[in-house]
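Chemist: quick one: sequence and predicted model below, then my questions.
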Amino acid sequence: MTGRHALLLSFLPLAGCSMAPDYAPPQFATLPAEFKAQPGWVPATPADHVDRGKWWQVFRDPTLDALAERALAANQTIAQAEANWRQARYITREQRAGLFPSVDLGGGAQRTGGGAAGGSATSTGSGQVISTSGNSSYQIGIGASWEPDLFGRIRDTISNTEATEEARRADLASAQLSVAGELATAYFSLRGADAEIALIEQTIEGYERALTIARNRYEAGIVARTDVLQAETQLATTQSDLEGGRRERRSFENAIAVLVGEPASSFTLAAAEWTPIVPDVPTGVPSQILQRRPDIASAEREVAAANATIGVERSAFFPTIALSADGTTQAGNLGGLLASSANLWSLGASLAQTLFDAGARSARVNQARAVYDATVAVYRQTALQAFQDVEDQLTAAEILARQEALLRAASTAADRTAEASLNQYREGLIVFTDVVTVQATALNARRSLLQAGIDRQTAAVALIQALGGAWDDGSYALLPEGEAAE
């Protein structure tokens, strides 16, 4: 055995070694054992593979269900995220190919000739030219090369691309969750606009009756003309509000068109009666649902990819080995090509090692470590933001429910007051200014109640997004206090 062969064999036990640091997901110094807005939750660990479900179905609106399916199939943001994921998958496949030898096959044919008869011409030293017949030659060759992954450079690169692929998959899930959330919010806002338009139209009918009463009393000489002018002002202002509501509805309709991947000019959504349905947040929604947040999963996978990059850069301190083998056969005709004994072959091995680079390799390793530290910070910030999001939306769900109950009581009282004031004005007990004030109060109360329903639905959507999916799919149960999630 030659010294070169012995050197190569000595490296073989090292094949597959990784220069990357041992990886574990970054930890937090402290994590809350429960959410202050809803006690009984437990700390979470990543579980991005858990199905998030068709969470929009909790609102029990067939039109929303159909729009959500269209958005998942045709939204261009989702299409872009899916293409990015596919690209990452093929990059991983490309890097895995580096673990195996590459084989090349080549061939060629050549014919030489010269002179009048098509042969070749050769000149002698005395100036005589000798003609010969044309010659043909054919050759075929095969070669193979392989770089053993002695110090884990290729495997660490694969680890990087695999983690990046998983991050892009999480980004796709994040895009789906975000688009569905935007769609639901826009849809509820549109239905709220429908309800507000109907409310204002009904109010306008009441204001027209009030104007008729004021005109009748003015023509009878009972009241001054200012009562009529006030009634006309109130009516025109409310009619202007109606036009504003129609403009706002059109904007929501156009937003939905973009989300479902259709031109706004050709998309319409018919008005419909709408009763806001707000799913109840169970008292014991477990924090392991938070594990499904795709942005947290994506951030953690980016950390894993950055960790693998450290190994790739550290492997540059070690030599690279390349093995090669080539074989060629040549003949003067095709028939003799395969039967020819004129075969040439070669085997080779090469070793390359950088001896001096003025600290460039060390700088690249330190760069990779800095990138890793940055991705860890992004991951931790993403998780902290997730806890804030859940706290905010749990608080919103709780407080908005109480506000809606109070606004309903206020709206009912305001409607009764408005009805009574109009009767009092008809009987001459109060002036029309009092009627205008009470009617404006009633309209504002009804609109506030309507907006409270929209806000509660929007908050429910935001909570679902903060949790990474629906909470009522039956696959989660509250863990006993103090028991950790598996």
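Modeler: Now that the structure is in, tell me what you want to look at.
Chemist: got phi/psi on A270?
Modeler: phi -60, psi 150 (degrees, to the nearest 10).
Chemist: what is the neighbour count of it?
Modeler: Each residue near A270 was counted by other Cβ atoms under 10 Å, and the total is 6. In this view, the C-beta of every residue, glycine as well, is placed from N, C-alpha and C.
Chemist: then S448?
Modeler: 17.
Chemist: so what's it up against?
Modeler: Going by Cβ atoms under 8 Å, 6 or more residues apart in numbering, S448 touches L407, A410, S411.
Chemist: and it, what helix or strand is that in?
Modeler: Counting by DSSP states H and E, the element that carries S448 is helix 432-467.
Chemist: that helix: which residues count as buried?
Modeler: 432, 435-436, 438-443, 445-450, 452-467 (16 or more other Cβ atoms under 10 Å).
Chemist: doesn't A322 belong to a strand?
Modeler: Yes - counting by DSSP: H, G, I helix; E, B strand; the rest coil, A322 is part of a strand.
Chemist: let the chain start at 526 from now.
Modeler: With the count now opening at 526, the last piece we talked about shows up as A847.
Chemist: my read: it touches L675, true?
Modeler: No - with contact defined as Cβ atoms under 8 Å, A847 does not reach L675; the gap is 11.0 Å.
Chemist: between the two, tell me which one has more neighbours.
Modeler: Neighbour comparison, A847 and L675: the larger count goes to L675, with 20 against 13 (by other Cβ under 10 Å).
Chemist: look at the more buried one and give its secondary structure.
Modeler: Once three-state DSSP is applied, L675 turns out coil.
Chemist: how about S703?
Modeler: S703 - assigned by three-state DSSP - is helix.
Chemist: what's the burial count for it?
Modeler: S703 has 17 nearby residues by other Cβ under 10 Å.
Chemist: where does the prediction get shaky in the protein?
Modeler: 526-542, 552-577, 638-659, 806-816, 856-867, 995-1011 (pLDDT under 70).
Chemist: how about the strands of this protein, start to end?
Modeler: In the chain, the segments counted as strands under DSSP state E are 627-637, 645-648, 654-657, 660-671, 845-856, 868-877.
Chemist: nearest to A824, of those strands?
Modeler: Proximity to A824 (Cβ to Cβ) singles out strand 845-856 among the strands of the chain, at 33.1 Å.
Chemist: direction included, what does that closest one pair up with?
Modeler: Here strand 845-856 is paired, per DSSP bridges, with strand 660-671 (antiparallel), strand 868-877 (antiparallel).
Chemist: let's have those in TSV, adding mean neighbour count and distance to Q605.
Modeler: TSV is the format used below for the strands paired with strand 845-856 (neighbours: other Cβ atoms under 10 Å; distance: least, Cβ to Cβ, whole Å):
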stretch	mean neighbour count	distance to Q605
strand 660-671	15	37
strand 868-877	11	40
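Chemist: residue closest to the middle of this structure?
Modeler: Geometric centre of the chain, nearest residue: A700, 2.7 Å, by Cα atoms, centre = their mean.
Chemist: can I get the CA coordinates of stretch 759-768 in PDB?
Modeler: Taking Å, rounded to 0.1, in the frame of the first residue of the first chain, the C-alpha atoms of stretch 759-768 are listed here in PDB:
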ATOM      1  CA  GLN A 759     -80.600  65.900   9.800                       C
ATOM      2  CA  LEU A 760     -82.000  64.000   6.800                       C
ATOM      3  CA  ALA A 761     -79.400  65.300   4.300                       C
ATOM      4  CA  THR A 762     -76.500  64.500   6.700                       C
ATOM      5  CA  THR A 763     -77.700  61.000   7.300                       C
ATOM      6  CA  GLN A 764     -78.200  60.500   3.500                       C
ATOM      7  CA  SER A 765     -74.500  61.500   3.100                       C
ATOM      8  CA  ASP A 766     -73.500  58.900   5.700                       C
ATOM      9  CA  LEU A 767     -75.400  56.400   3.600                       C
ATOM     10  CA  GLU A 768     -73.200  57.200   0.600                       C
END
